[in-house]
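Undergrad: Provide a 3D model corresponding to the input given below.
(one chain, ligands or ions: 1)
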Amino acid sequence: MNQHVPVLLKESVDLLVKNEEGIYFDGTVGFGGHSSEILGRLHKKGKLVATDKDFEAFTFCKEKFINDKRFSVYNTSFSNIDTIAKIEFIEKFDGIFVDLGVSSYQLDNIQSGFTFREDAPLDLRMNKNEGTPASHILNSFSQELITQIIWNYGEERLAKKIARMIIEEREKNKFESTAQLRNLIEKIVPQRFLSKTLSRVFQALRIYVNNELEELRNFLDKVVNLLNVNGTIVVLAYHSLEDRIVKEKFKYESLECICPPGTPICICGKVKKLKIVNSKPIIPGENEINENKRSRSAKLRAAIRV
Ligand SMILES: C[S@@+](CC[C@H](N)C(=O)[O-])C[C@H]1O[C@@H](n2cnc3c(N)ncnc32)[C@H](O)[C@@H]1O
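TA: Below you'll find the model as predicted:
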């Protein structure tokens, strides 16, 4: 089974692990590609705490690392990092890592319900016990809201038209399956653009259903105070909106002062908490992209707690 090929593996773990006896966090354990590499660099006194919202990924890694006492994993969102730290009696981490989005397994596996290539329930939730399925959005949200979701999170220029068709279709048949949405989009979009449009629409719904951008913001807000001095936060993003959130947060936390220009003395009380490691994101090289097409949109950013 093609589970997932970890992206920018060496680059991310090189930046992350500086102390072989340190305590690390992998918020998106997936199939454990990055976690394996992190554990491989740690001494027996080191520790790795991981999370994944997806139950299958969680159980897979629980089993995979069952004999490694340095590893523990939770089936929850990485935005609960502060709660997990408390449960684990951890005050600060030496490195925090997230590899956003979904794994190749989730995208390709019919049961996961993320693929538009096969017919499956139109759900798109990573954690099936949380939030509402994508079908509910298509069946009950207003045309304006559906347009906004497809436009904002999918950057799909046919958003308005697709939303209008969705409203018309649901008067006749309620949305239940991925095939229904696919068939509808097939009617509007020429074959040569179909795959891209389908990817964008499904991605937009997935981001909305899983509250992905808000989870990332919450997580980043907590991270700065959960890192030891000289500890590193490393984020791998695949979507421009996610990357922008990371870039702006790192920039804000790296500023010493946010007083308006011309203020004679600093009154803002701002404290610099991060030092940006790479002003331009690190991206995969040609070889990696050729070997793993899904790595092509990856952007890696890192910052060090000061
Ligand atoms: C790109 S994959 C990670 C792959 C992993 N680095 C590996 O090498 O196997 C992203 C994973 O993050 C999980 N995920 C996405 N958003 C999450 C969140 N807010 N909290 C926890 N896990 C999340 C997904 O379920 C998926 O398993």
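Undergrad: residue contacts, the residue lying closest to G27 once chain neighbours are set aside?
TA: By the measure of CB to CB, 6 or more residues apart in numbering, the closest residue to G27 outside its immediate chain neighbours is F78, 2.8 Å from it. For glycine as for every other residue, the C-beta is placed from the backbone atoms N, C-alpha and C. The contact partners of F78, taken as CB atoms under 8 Å, 6 or more residues apart in numbering, are 25, 27-28, 51, 98, 215, 219.
Undergrad: equivalent analysis for P281, please.
TA: Remark: with contacts taken as CB under 8 Å, 6+ apart, P281 is in contact with 243, 247, 299-301.
Undergrad: do that again at 10 Å, thanks
TA: Residues in contact with P281 (CB atoms under 10 Å, 6 or more residues apart in numbering) are 235-237, 243, 246-247, 298-302.
Undergrad: buried among those residues? Make that a ChimeraX selection.
TA: The following ChimeraX command selects only the buried members of the contacts of P281, with burial defined by 16 or more other CB atoms under 10 Å:
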select :235,236,237,243,246,247,298,299,300,301,302
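Undergrad: out of the contacts of P281, flag the one nearest to the ligand.
TA: Relative to the ligand, the closest of the contacts of P281 is L236; by CB to the nearest ligand atom it sits at 7.5 Å.
Undergrad: hang on, the earlier thing: just the ones of the contacts of F78 in helices?
TA: Within the contacts of F78, residues falling in helices by DSSP state H are 215, 219.
Undergrad: report the two of the contacts of F78 separated the most.
TA: Using CB to CB, the two most remote members of the contacts of F78 are F25 and E215, lying 14.8 Å apart.
Undergrad: those two: who's more crowded?
TA: Between F25 and E215, counted using other CB atoms under 10 Å, the more crowded position is F25 (28 against 18).
Undergrad: so which of the contacts of P281 reach the ligand?
TA: For the ligand, no contacts are drawn from the contacts of P281 by CB under 6 Å from any ligand atom.
Undergrad: and the longest helix seen in the chain, what's buried?
TA: The helix that spans the most residues within the chain, counting by DSSP H, is helix 191-209. Of the residues in helix 191-209, those with enough neighbours to count as buried (16+ other CB under 10 Å) are 197-198, 200-209.
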